[in-house]
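In: Here is my input; please provide its structure:
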Amino acid sequence: MKRILAGALVVAGFSGHAFAADLPARTYTKAPPIVAAYDWSGFYIGANGGYGWGNNENADIQPGGGFWTAAPGREVRTFTPEGAIYGGQIGYNWQFGNWVLGLEGQYDGAGLRETDTTPSYSRTSKIDSIVTGTVRLGYAFNNWLPYIKGGYAGASLKGANGLYGTFAMFPGVYEAAVLDHSQWRNGFVIGGGLEYAFARNWTIGVEYNYLDLGSQSWSGTTFEYGVDLLGPYSDSRFEHFSDKLTISTVTARLNYKFDSGR
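Out: Now for the predicted structure:
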């Protein structure tokens, strides 16, 4: 009996080894490599360029109307200057998880301009520089960063009025007048954009900004001169105007981001 049991165990052992040999080898799959999320923190500097358009409500508020008023009383002319903008920005970002908080300063030269002309006069409104200082808040999706921004805005607003008229019946008789004005305007900006990191230190993006520079009055002197039937003459007239100014801009941006050391 013992010999029978021992034989059965030997046979079972050989059978088990044979069955195990027939099973396929166990395979192991490597875990995918861990890709580190993009780090938005640190200093950056860059350039931007795009297009801007404005709305300038220019009102003659001189009591009784001034030299440039077509009729006695208040007159409002709306200028819509538009053109290219180009400049640069510098800033710093702090990243907290997916949230990105930043400070940014930006300066742009501008060619926003409109001239209202008739056969005898021209009136021009132009904006030749824009400055902003803003706080940015974004939410990062790895190397994509949508954000909003807001803060201080300033712009240089210039105006030029010119008149030159002649009289066909009286050769040599003419009338001319000029009024030039320049003013730095202060207000606020709100906007937003989308930035994409296409390399470790480089990002590109697009941004929209709305600048409200409020309403501000100013005074100036129109200088009038010419020749009438009695001979040369000159005169000056006190003027009082106000300008209500808003600007919108759309720009493409390219930034170089310095390593944060994190």
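In: Provide a list of residues in contact with Phe67.
Out: By C-beta atoms under 8 Å, 6 or more residues apart in numbering, the contact list for Phe67 reads 177, 179, 222, 224, 237, 239. The C-beta positions use only the backbone N, C-alpha and C, and glycine is treated the same way.
In: so it, which of the three states?
Out: coil (DSSP: H, G, I helix; E, B strand; the rest coil).
In: and it, what are its phi and psi?
Out: Main-chain torsions, Phe67, degrees, to the nearest 10: phi -60, psi -30.
In: thinking again about what came up before, could you identify the least confident member of the contacts of Phe67?
Out: Within those, the minimum per-residue pLDDT falls on Arg237 (82).
In: Show me what the helix or strand harbouring it is packed up against.
Out: Arg237 belongs to strand 231-257 when elements are defined using DSSP states H and E. The helices and strands touching strand 231-257, judged by 3 or more C-beta pairs under 8 Å, 6 or more residues apart in numbering; DSSP states H and E, are strand 42-60, strand 82-96, strand 99-117, strand 121-139, strand 144-166, strand 174-197, strand 202-228.
In: Report the buried residues of stretch 109-124.
Out: If you call a residue buried by 16 or more other C-beta atoms under 10 Å, then stretch 109-124 has these buried ones: 110, 112-114, 123-124.
In: if we can go back for a sec, in its sheet, what does the strand holding Arg237 sit against?
Out: Within its sheet, and counting by DSSP bridges, strand 231-257 is paired with strand 42-60 (antiparallel), strand 202-228 (antiparallel).
In: so can I have JSON lines of the ones you listed showing mean neighbour count and distance to Glu195?
Out: Listed next are these as JSON lines, based on neighbours: other C-beta atoms under 10 Å; distance: least, C-beta to C-beta, whole Å:
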{"stretch": "strand 42-60", "mean neighbour count": "18", "distance to Glu195": "10"}
{"stretch": "strand 202-228", "mean neighbour count": "16", "distance to Glu195": "4"}
